[in-house]
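need a structure here:
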Amino acid sequence: MKSRVALGGGKEVYTATLNALNFIRDDIEKSIDGKKRILLKPNVVDPRIQLSATEKESIRAVLDFLEELKNFNPEHIAIGESSFGNTKEGFRNYGYVELAEEYGVDIMDFNDDEGEGEYIHLNVLDVRHREVKIKLSKRALSFDYIVSLAKVKTHDYALMTASLKNMMGCIVQKDKVKMHGIASFSLLNNNYPSCVKVIHKNLLRLIKVIKPNLAIIDGLNAMEGEGPVRGTFQNVGVVIASTDALAADATAARLMGIEPEDVGYLYYAWKEKLGKLAGGEIEVVGESLLTHAKTFKLHPNFKIQMQWRE
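From the prediction side, this is the model:
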């Protein structure tokens, strides 16, 4: 069976998000039926650069959409993230705190989950392929339905980032660097070619443990070039939504002019049957993929990043 991916158009992200969600309302109602604990997982890479972070109106659109779903009676809804920077500052700067108060939902900084018993260990690989441990928030894992609210962005290690890689925000801050295979970014210069290979394997390990149930990817406020933080604005004119996060990310890649099979962690997830990737496995509904596809300017190191297979 094909996975459905919706492309919702609109001039504003709120409208485009609702349009995308409504195209796959039946899929969402089936997937969320009986779920009681809902995590809205935005992407707050940098607390001061809005283009790098999920728009407040994306979250508002999801909250409004969920309120209208039939037979949906959650016990707990929360907005949760662990940023590379100061997460709480990002929550304030981007309007998440006011939004959480307005809707009566919780807001969580997973960087607080470093005390004994507040995390689980996940084994990942360093650049020498030795196993090392990272801390994954128990609070993030306690939810039975995860909505990943990401953006279409290029990336400085993994070529592109969207809903699946957004799950790195469930790792406590100081351990995020280990996903790149190193203990500190000061070690980057001598290890970059190895880092861009191992990060895909580590992302697969993470996705196997915590994967979105619903992917929403903002393509109106996209980023090209030196993403995921220092890039420049791009707009593909649609918001992507799917209950198959891999299919959503594959579609985001195609909108960027990237073959999904060229993104290591997407390819690995597909081989592990964690979702659909090939064009023939995906049904795009709503706006036309061909109409909105662009050729994104990739990160300056993209040629090295493309060597992840070697």
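
Asn19: helix or strand, and which one exactly?
Here Asn19, judged by DSSP states H and E, is contained in helix 13-23.

Name all residues that make contact with His299.
Counting by CB atoms under 8 Å, 6 or more residues apart in numbering, His299 touches 154-156, 159, 225-227, 231, 305. (Each C-beta comes from the backbone N, C-alpha and C, glycine too.)

and of these, the nearest to Val263?
Nearest to Val263 among the contacts of His299 is Leu159, at 5.2 Å by CB to CB.

Wait, the closest one touches Ile258, no?
Yes - contact status for Leu159 versus Ile258: in contact at 6.6 Å, counting by CB atoms under 8 Å.

can you list residues touching both of the two?
Common contact partners of Leu159 and Ile258 (CB under 8 Å, 6+ apart): Leu298.

Who are the packing partners of the helix holding Asn19?
Helix 13-23 makes packing contacts with strand 3-9, helix 56-67, strand 214-224, strand 238-242, strand 282-286 when contacts are defined by 3 or more CB pairs under 8 Å, 6 or more residues apart in numbering; DSSP states H and E.

just to revisit the earlier point, the contacts of His299 in strands, which ones?
In strands, defined here by DSSP state E, the members of the contacts of His299 are 154-155, 159.

Just the buried subset of these, please.
Buried subset of the ones in strands among the contacts of His299 (neighbour count, 16 or more other CB atoms under 10 Å): 154-155, 159.

Make CSV out of the residues you listed and add distance to Asn189 and pLDDT.
Converted to CSV, these look like this (distance: CB to CB, whole Å; pLDDT from 0 to 100):
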residue, distance to Asn189, pLDDT
Thr154, 21, 98
His155, 18, 98
Leu159, 20, 98
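
of all those residues, which comes closest to Lys135?
Set against Lys135, the nearest of those by CB to CB is His155 (22.5 Å).

For Asp175, the count of nearby residues, please.
Counted with other CB atoms under 10 Å, residues neighbouring Asp175 total 21.

Out of the helices and strands packed on helix 13-23, which is closest to Lys133?
strand 214-224 (27.6 Å).

Put the alpha carbons of the closest one into CSV.
What follows is strand 214-224, C-alpha atoms only, in CSV (Å, rounded to 0.1, in the frame of the first residue of the first chain):
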residue,chain,number,x,y,z
LEU,A,214,2.8,12.5,12.1
ALA,A,215,5.3,14.6,10.2
ILE,A,216,4.6,18.2,9.3
ILE,A,217,7.3,20.0,7.4
ASP,A,218,7.2,23.8,6.6
GLY,A,219,8.3,24.5,3.1
LEU,A,220,7.2,28.1,3.1
ASN,A,221,10.0,29.2,5.5
ALA,A,222,12.6,26.8,4.2
MET,A,223,16.4,27.2,4.3
GLU,A,224,19.1,26.5,1.7
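
pLDDT weak spots in the stretch 101-250 of the chain?
Within the stretch 101-250 of the chain, no stretch has pLDDT under 70.

which residues of it fall in helices?
For the stretch 101-250 of the chain, the helices defined by DSSP state H, counting those that start in this stretch cover 138-141, 192-209, 245-255.
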